[in-house]
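J.: following is a predicted model, sequence given first.
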Amino acid sequence: MSKNIICSLCFLFIAIISTAQNIDWNNSGGNSRKNGYADIAGPTTDSILWQTASNGIFGTPVFIEGNYLVTMRFQSQTYAPVECYDLNSGNLLWTVDVTDSTGRSLPVGLRDNRVYVVRYTESLSDTLYALNVADGSRIWTANVTVAPYISETGVFDAAGNFYISGQGYLRTYKINPQNGQMIWQANTVPMASGSGEMVINNDNNTGYTLEQNGGISYLWATDLSNGTKKYSRVVNALQAGGNVPQSAIMLGNDGVVYVQLTEDNVAALKDDGSQITLLWQTKIGGNASFSLMCVGPDGSVYAPTDGKIVRLDPLNGDTLSLSQSVTQGGFFSPRLTAANNNMIYMTNGENYIYAFDYDLNLLWSNYFPVTNTSGVSISANGLAAVAGQNGIRVYTPTSLINGLDTDIASLLSIYPNPSSSRVNIKADYILSGKIYSLIDLNGRTLKTGITAENTELDLSEFSSGLYYLKIEGISQVFKIMKM
């Protein structure tokens, strides 16, 4: 084999590894472009694989790598541990409080079996740790202090180097993932809390940040090799009284940087290697602080406006489609994720999860209280994970029985459903002898039994509402409504 062929194969292997690393927590940093796009098929229905009870006032970003799911469970200002779950089963693997009950354990990244966690006290000078994702043990402590906002995460380049804000929001650090040592620092002044995250274009080795000077927004380009600030471009407001930016920027599939100025506009900007030029700006309305946009596989931009989601043409910013209202009038902070099978997912920051097609037709929605800044994270096998108040939920794209895809509808039926007292479970012989579990919305198991070809399930002792039936060996969870 020639040296050229060997080199080509090596570069291909590196590219594959880099792509794989950027799949699992696609909505806020695992994808270095922070554009919410996962090039895999996600759930098309609201089939729940598992839901577990986990104390927490609200949901925060979910990080996934392989079979590990990591998130923070905010219980108070001085106790918010980072927790790790088995992605496929929902079993809790470990809980760690890196603050000793003096602050919050804020996960800001997950890659190569390292969970990046900040001892978050809002001092603007907090400690960054790397924990072993397998058991939560400490690997290293960074030699610089960091200062992300609570809704922000770090970001990785193709080589796995980690970038995060520090020193009172006035720096961006490049951190060596092997030992936590700073490689370089660059001066940065983010516009506002929630908008200081860097996005990375690995194709031109450049990081982009939204910064301010005298209240004016600037998009800055930074050389990732040495931290040199290269050039910037003003991003003007289009409307009088527009809010300051409080949402992260993102990079489109074509290298275009998209900036959301809250309550004002979405702007598209292009870096040609020597300067940044403005391509278009489209007005948006309504407060959607700390929200995250996403892009579809065709480059379409999905962003919040006036309590809805708008799909913008990436060429000119024209409106292609508009969703129905997706806010209940509370903390509207939509965080958007796109999959490659005509699916757009969103948590609205309030009490709902939504799924749309690419044209923003609503396919399904689920009540899930106080998702806050969670978003929907899609794993490499298509599972979709969300965190909310007192619970974590994972949706599944396929129904699996003993590891094989199967048509569940032909194997099991539940009737009458809804019911005021009892339901009958009619199951195929292949399911006989398997354990069933009745689960409430908080993930608590209320009743278990053995599945027969005909099983009667008594609901009379339970209050009216929605319940889930889980059967051993089947990843799909079935809904039962008690009237």
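T.: Here it is on my side, so go on.
J.: which SSE is immediately downstream of the helix or strand bottoming out on mean pLDDT in the chain?
T.: In the chain, the helix or strand scored least confidently by mean pLDDT, DSSP states H and E is helix 3-21, which has a mean of 38. Downstream of helix 3-21, the next assigned helix or strand under DSSP states H and E is strand 37-38.
J.: other SSEs contacting the helix or strand that that next one is followed by?
T.: Toward the C-terminal end, the helix or strand that comes next after strand 37-38 (DSSP H and E) is strand 48-53. With contacts defined as 3 or more CB pairs under 8 Å, 6 or more residues apart in numbering; DSSP states H and E, the packing partners of strand 48-53 are strand 391-395, strand 465-471. To be clear about C-beta, it is placed using only N, CA and C from the backbone, and glycine gets the same treatment.
J.: give me the phi and psi for Leu431.
T.: Taking degrees, to the nearest 10, you get phi -100, psi -10 for the backbone angles of Leu431.
J.: swap that for Asp458, sorry
T.: Main-chain dihedrals, Asp458, degrees, to the nearest 10: phi -80, psi 120.
J.: then the one 5 residues further on?
T.: Main-chain dihedrals, Ser463, degrees, to the nearest 10: phi -80, psi 160.
J.: in contact with it, which residues?
T.: With contact taken as CB atoms under 8 Å, 6 or more residues apart in numbering, Ser463 is in contact with Lys482.
J.: sorry, back to before: got the helices and strands packed on strand 48-53 as CSV, with mean neighbour count, distance to Leu224 and mean pLDDT columns?
T.: Formatted as CSV, the helices and strands packed on strand 48-53 follow (neighbours: other CB atoms under 10 Å; distance: least, CB to CB, whole Å; pLDDT from 0 to 100):
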stretch, mean neighbour count, distance to Leu224, mean pLDDT
strand 391-395, 26, 34, 94
strand 465-471, 18, 46, 84
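J.: which of those strands sits closest to Val189?
T.: Nearest to Val189 among the helices and strands packed on strand 48-53 is strand 391-395 (35.6 Å), distances taken as CB to CB.
J.: which other helices and strands contact the closest one?
T.: Checked by 3+ CB pairs under 8 Å, 6+ apart, strand 391-395 has strand 48-53, strand 68-72, strand 384-388 packed alongside it.
J.: swap the cut-off to 10 Å and go again
T.: The contact analysis (3 or more CB pairs under 10 Å, 6 or more residues apart in numbering; DSSP states H and E) places strand 391-395 against strand 48-53, strand 68-72, strand 82-86, strand 352-356, strand 362-367, strand 384-388.
J.: can you put those strands in CSV and add mean neighbour count, distance to Lys426 and mean pLDDT?
T.: Converted to CSV, the helices and strands packed on strand 391-395 look like this (neighbours: other CB under 10 Å; distance: least, CB to CB, whole Å; pLDDT from 0 to 100):
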stretch, mean neighbour count, distance to Lys426, mean pLDDT
strand 48-53, 21, 21, 90
strand 68-72, 25, 34, 96
strand 82-86, 22, 31, 97
strand 352-356, 22, 29, 95
strand 362-367, 14, 25, 92
strand 384-388, 27, 29, 95
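J.: outline the domain layout of the protein.
T.: As recorded under automatic domain parsing, the domains making up the chain are 11-395, 400-482.
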